[in-house]
Every structure is written in structure tokens, then in C-alpha cells.
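**Q** how would this look folded up:
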Amino acid sequence: MKSNLLSNIYNPADLRLLSEAQLPEVAQELRQFIIDIVSVKEGHLGASLGVIELTIALHYVFNTPEDLLVWDVGHQAYGHKILTERRENFHTNRQLDGISGFPKRSESIYDTFGVGHSSTSISAALGMAIASNLKGDFKKQHIAVIGDASIASGMAFEGLNHAGVTDANLLVILNDNAIGIDPSVGALKKYLTAVKEGKNPKKNNMIKSLNFDYSGPIDGHDLPTLIKELNRLKNIKGPKFLHIVTTKGKGLQQAEENQVKYHAPGKFDASTGEIILKSEENLPPKYQDVFGLTILDLAKKNEKIIGITPAMPSGSSLKFMMDEIPERAFDVGIAEQHAVTLAAGMATQGMVVYCNIYSTFLQRAYDQVIHDVALQDLPVIFCLDRAGLVGEDGATHHGVFDIAYLRAIPNMIIYAPINEVALQNILFTAQLGLNHPIAIRYPRGRGVLPNWEVENFGHYEEIKIGQANCLKKGTKTAVLSTGTIGNNVTLAINESENKDAIAHYDFPFIKPLDTRMLLDIFSNFDRIITIEDGTINGGFGSSILEFSASNNFKNKIEILGIPGMFIEHGTVNQLQQLCKIDVKSLINLFQTS
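**A** Below you'll find the predicted structure:
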């Protein structure tokens, strides 16, 4: 009877009791364990399958958690979680009240640094290593595992630049699989490819030039070689760099062959790897596809239109334009700061630039938005995908701060469409010529109009900047919503017993506000409720309070949105319930109107 080694491994101390000869069996079991659970529970797959051998070797060679292991981004940390006391509850991964899909300090002592965004690992591990030196602990090991897409980011280079002039006991492991979520791009990718193919002269090694002890590239799926090299590097002082080559999705044929789709494939058959397709018949389009199809259509008619994305061509659907008009659509890699300033540079030359960045990632380019775009009043069009609550990715990925952090910036227009038609029309309006930068925020997932493409695609209407809309008249309470959360309001009003008492106003423009409409609302309603899918601290509701105070109104104002706390992972509906902005919570609130 075949033994089950994984079931006896509770933590890395148990792993280290095994012989080296047993580790390939552990790798096989660990890979299958992840496949079995993710096939049913969903989550990130390919990245974790690609580092199974590395994960085992790291915990086998190093004395974790005393030695500090930092994973970059964390998509690849499922095997790490399973080997570090979370095997029995791994099935709760990314579920409400379950374990996080990313490393998280409050979850485990083995998670030394919380991650979710890329390119932080080298700086974090270097900080830990310098701190160890200052405390007189020169034996502690500090390991950063970073992918070839993440290491191309500016912050990773900043960390390498600093580490190279220290005596920190730091080991940077480059997990080189030539892909992030989409295939890696840029000159660094070409350099790494040349290194892997033996076409780059050793004297030209850029990592050695930064004062790192460089070794590799080696096969990241060869456990004996990995263990031997990690044991050797353990005894070398100062900054070290190990280049390993892996295959994303290793061990599942479909995941190896279609690495983009199997990054996070949804439910699939664990034995065959075949993705279980959900029927998309009569479903509304994804907002990202409304953006992607619309910008492609507009770009065909307006040769000044440019599309830019930092490493998210598939996730943002800019890929439509990249496939058909590649000379005007750019994937710049994981480089949000560069993407924003590149857009600014193009805008100075009269180009119409759509800079498409997930809301949570635009946070990484805040100075560039202020200094390079808004201060110069350049009409860059920011398209903020994944705005609002995104669901199972959790606190690192929710796009709930954009309204608050953008509203403070002079010259910035902020628009949140209530549906697909509004998104299409603001994308059209923006390229007609704006005098200021604009941020257009829209959520992850599907819209509300099943026949959008048949009935509306390509039929554009110009939107008047700063105009709000009365969606429904009422007698007692005015509900002011911005963005797609307004659809929850419409559903809740329709199910309310006192629907005649409730008026509903859509404020797609958070900035500038429709002050004429607001004066009318404040003059006719005693009770005003605002609702948004962003943080209530400094958000849309705050702007309504500011309007009220500046005009000396005394109306009762209730603000609904994301409370001043980090919201964890769960389904979007569960998290809306938590924040009391789901349909049922709104029905209960409106009953008191």
C-alpha cells in the first residue's frame, strides 16, 4: 500500500524528518492536494504548481520560521501554506472567515510579510536582514522568492540596488518562468531568456555587476540540485542571487499548455484538468470587455487613441486592441508608475491615452497621478478596473480607496458608470477632448444588460460633464448613489413596501458634483442617504456632507459604503452584506423611511 507522506507533515519540522529520497513523493502528493482542492474551491493554480519543488526545498534546507522566507505577490504560496500548519483548513482558502489566498502575518508565524501586490519581497527581506545584523544575529537567513515579471518592476530594482552595497545575509531567488499572469514583457525578459539559453556572456551578468553572488540558472524542478545549491548558499555571507527556471502549472498538462487561463481557472476536473465551463448564455458582459471592445472600436476611428496597461492585458481586456492595433496598445510590465508617466508624456504630444490599471494598483502610482498628470492638467484617461469590492482576493485587492485618494487631487474628474451603456458613453466622451484628466472606475465582473453588445455597442452618446440623473422620483427620502452599486438601490426600492417615498439619484460624476441637482435635493428632502462601494472616509458621501456644510443645510444625511477598516476575503455578495450595502440590507433601511 502506498504511503501518504503529506498527511503526516504538520509543519516543516516534520518535513525535515524525511530522507531526501522521500521528497519527490511529497512533491507529487502536494501537487495533487492543491489540484484536488483548487479544482473544487477555485483559486490561483498555475503559480503554486510551478514552485512545489522549490517550496519543499526551502522548508527542508532552511530552519523556518526562524529563518525568514518572503514570497513575492503570494499567488505561488499555496504549497507553503499547506506545509506550514494549514493543510487541514486549506479547503477554506479565500472563503469568508477562511484562510487568505495570500501570505498574511496575522495568519501564521511562517508568513513573515503580508503580500498581494508584486515586487515587495526584496525590500522587505533586505529590511529584515539589516535588522538581524543590527541585533547581532548574523546566522539568520533571509530569503526572497520573486518571479521574472515582478523583478522587472522598479521597486525590485531599488531593493537590488540597495542590497548590493550591504553585507546583509540576503538570498534572492528568481523564479523564472517567463510569465506573471500574462507573459512577461520587456528588455529584461529578453536578457533572462539569453541567460537561460546560454547566449549571454558570463562577463555581462547584470546581477553580478550589482555585487550579488550569482548562481544558476538551474532546474527549479530538480529537488536534489535545488537542495544541494541552497545548502551551499546557506554558508555564503552577504547578498546572494539564485536563478532557477520553472514551468508555471507544472504537473497538470493543461495548466502547462495554457498558463494564462490556468493562473486562476475556476472549477475544473482534477483528473483531466478540463475547465468546467459555466453557461454564458444570456449573461451580461464583463465590464472589462465593455472597456476592451469599446476602446478598440474607438481606436479604429480615432488614430490618436493609445492604450496602456501595466501587465494586465487579459484581465483588463486591452488584449483586444493589442491583437488588432499592436502599435498603439502597450503592456509595460508590472510598472504602474511608468505607465502613468508614459501616458502623461504621450498626452503632451496630443495623443488620447487610456491608461488602464486596476484600482488597487493605481495606489502604487499616486505621486505620478498628482505630479506628472494632474499638476500639469494633462487629459490622461484613467480606466480603473476592479473598483469596489473584488471578492475572494481580499484586502490587498479591493478597489475601495480610489474615490477618496483621487477626490483630493485638483483638476481630476471622477466618473463611475451605473451600467455598461454609461461606461461605453464616457469612454466615447473622453476621447472627444477633455480639458482635465479623468478617472473612470468600474467593478470586477459582469454588468446588468444581457443584450448590451447587440443593442448598444457602437451607438455612442456624449455625456455632459458633471451631470447627475434622477432615476426615480419620491416624496420623503432621497438616495444618492454613484456607480454600479446604484443597481442594488434600484432592486431594493422595487422590493420596498414604501417605494413611493423613496427617490433615487444617480451621481456618476463624483467630481465635479452636480450642485444644481444637489440644491434641489436638499431643498425637497429631509432625509438623504448616500451609497458607494468605496470607503466612506473621504468618499462620495463625504463630498455630499461637505456640500451640505458649505451651504448651511440641516438635512439628515446617512452615509453607506465601506467602513473604515480593511475588508477581508469572501464573495462580493457576502462582503456587501458585511458592509450593509447589499439589496436585503437596503430594503430593511428603506422600510424605516
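
**Q** Poorly predicted segments of the stretch 401-550 of the chain, please.
**A** Within the stretch 401-550 of the chain, not a single segment meets pLDDT under 70.

**Q** whoops, I mixed them up, the stretch 201-350 of the chain
**A** Those would be none, if you go by pLDDT under 70 across the stretch 201-350 of the chain.

**Q** Quick one: the strands in it, in order.
**A** 213-219, 240-245, 305-309, 329-331 (DSSP state E, counting those that start in this stretch).

**Q** Of those, which stretch is the most buried?
**A** When you average the neighbours per residue for each of these (mean count of other Cβ atoms under 10 Å), strand 305-309 leads with a mean of 26. Backbone N, C-alpha and C define where each C-beta goes, glycine included.

**Q** before we move on, the earlier item: and of the strands of the stretch 201-350 of the chain, who's closest to Ile146?
**A** Closest approach to Ile146 among the strands of the stretch 201-350 of the chain (Cβ to Cβ): strand 240-245, 10.3 Å.

**Q** Which neighbours in the sheet does the closest one have, and how are they oriented?
**A** strand 170-176 (parallel), strand 213-219 (parallel) (DSSP bridges).

**Q** can you put these in JSON lines and add distance to Ser314?
**A** Shown next, in JSON lines, are the strands paired with strand 240-245 (distance: least, Cβ to Cβ, whole Å):
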{"stretch": "strand 170-176", "distance to Ser314": "20"}
{"stretch": "strand 213-219", "distance to Ser314": "27"}
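
**Q** of all the ones you listed, which lies closest to Ile557?
**A** strand 170-176 (50.8 Å).

**Q** What mean pLDDT does the closest one get?
**A** Averaged across strand 170-176, pLDDT comes to 96.

**Q** Can you give the contact residues for the next helix or strand after that strand?
**A** Counting by DSSP states H and E, the element after strand 170-176 in chain order, helix or strand, is helix 187-196. The contact list for helix 187-196, computed with Cβ atoms under 8 Å, 6 or more residues apart in numbering, reads 148, 151-152, 174, 176, 178, 200, 205-206, 217, 243, 245.

**Q** How about stretch 338-354?
**A** Contacts of stretch 338-354 (Cβ under 8 Å, 6+ apart): 154, 295, 302, 304-310, 330, 332, 355, 357, 362, 365, 368-369, 372-373, 376, 378-381, 383, 427, 430-431.

**Q** Can you select the buried ones from the residues you listed in PyMOL?
**A** Typed into PyMOL, the line below selects the buried ones among the contacts of stretch 338-354, using 16 or more other Cβ atoms under 10 Å:
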select buried, resi 295+305+306+307+308+309+310+330+332+355+357+362+365+368+369+372+373+378+379+380+381+383+427+430+431
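
**Q** can you pull out the helices in the stretch 201-350 of the chain?
**A** 206-209, 223-234, 253-257, 287-301, 313-316, 319-324, 336-348 (DSSP state H, counting those that start in this stretch).

**Q** Would you mind listing the buried residues in the first one?
**A** Translated: helix 206-209. Ile207.

**Q** any idea how far it is from the chain center?
**A** Centroid separation between helix 206-209 and its chain, computed with Cα atoms, centre = their mean, to the nearest Å, is 31 Å.

**Q** cool, and the third one?
**A** In this view, helix 253-257 has its centroid 24 Å away from the chain centroid, taken as Cα atoms, centre = their mean.
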